[in-house]
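Asks: output the structure for:
(one chain, ligands or ions: 1)
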Amino acid sequence: MRRVVYPGSFDPITNGHLDIIKRSSEVFDEVTVGVLVNVDKKGLFDIEERVELIRKVVKPYKNVKVDSFDGLLIDFMKAKDIKVIVKGLRAFSDFEYEFQMALMNNKLDSSIETVFMMTNAKYSYLSSSSVRQVAKFGGCIKGLVPDEIISMILEKAKK
Ligand code: ADP
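Replies: Sure, this is the predicted structure:
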């Protein structure tokens, strides 16, 4: 069974993330979306809410699971018996950070592989932080995030 983890903050999940999840679910047997608990950063949504939003939008994909983790990704992977990390790459600017992370994870555990999936061109400009900003100032986020979570994001961003 080929299991992968797709880790990130997902604050909130965007159509760019969902595209990577869908494509990964076609390449691998099981995809676990791992929502990273970052104690230093107060996000828009808390961890349980992020997990809930993701579960809502990945319902059509039967081999996708959603979970949260804190601490090292490789420890979460060990607990779940996962050996492969999938990451999305948007631009050159993602590359440097992801390159470092992939090498560090491999240094910590040499049985871990990271595979990169190129962004869908139509989402190459899209990030959670830009969605948060547009929502905060009342801009239209249709097309940027799944339709069924738009109202929840707008509601939250208003507060
Ligand atoms: P963001 O950078 O949007 O805050 P995360 O930190 O949650 O998102 O990212 C998790 C993973 O998803 C990373 O590997 C990131 O490169 C990837 N990703 C984020 N947005 C996109 C996108 N629009 N297209 C492809 N991959 C993406």
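Asks: just the pLDDT for residue 43.
Replies: We note a pLDDT of 88 for residue 43 in this prediction.
Asks: mind listing what it touches?
Replies: 9, 11, 50 (Cβ atoms under 8 Å, 6 or more residues apart in numbering). Placement of C-beta: from N, CA and C, glycine included.
Asks: count of neighbours near the second one?
Replies: Burial measure for residue 11: 22 neighbouring residues, criterion other Cβ atoms under 10 Å.
Asks: now the closest residue to it other than its chain neighbours: how far from the ligand?
Replies: Nearest non-adjacent residue to residue 11, counting by Cβ to Cβ, 6 or more residues apart in numbering: residue 43, 4.1 Å away. In this view, residue 43 and the ligand are 10 Å apart by Cβ to the nearest ligand atom, to the nearest Å.
Asks: and if you look at residue 101?
Replies: As judged by Cβ to the nearest ligand atom, residue 101 and the ligand stand 9 Å apart.
Asks: so how far is residue 36 from that residue?
Replies: 12 Å (Cβ to Cβ, to the nearest Å).
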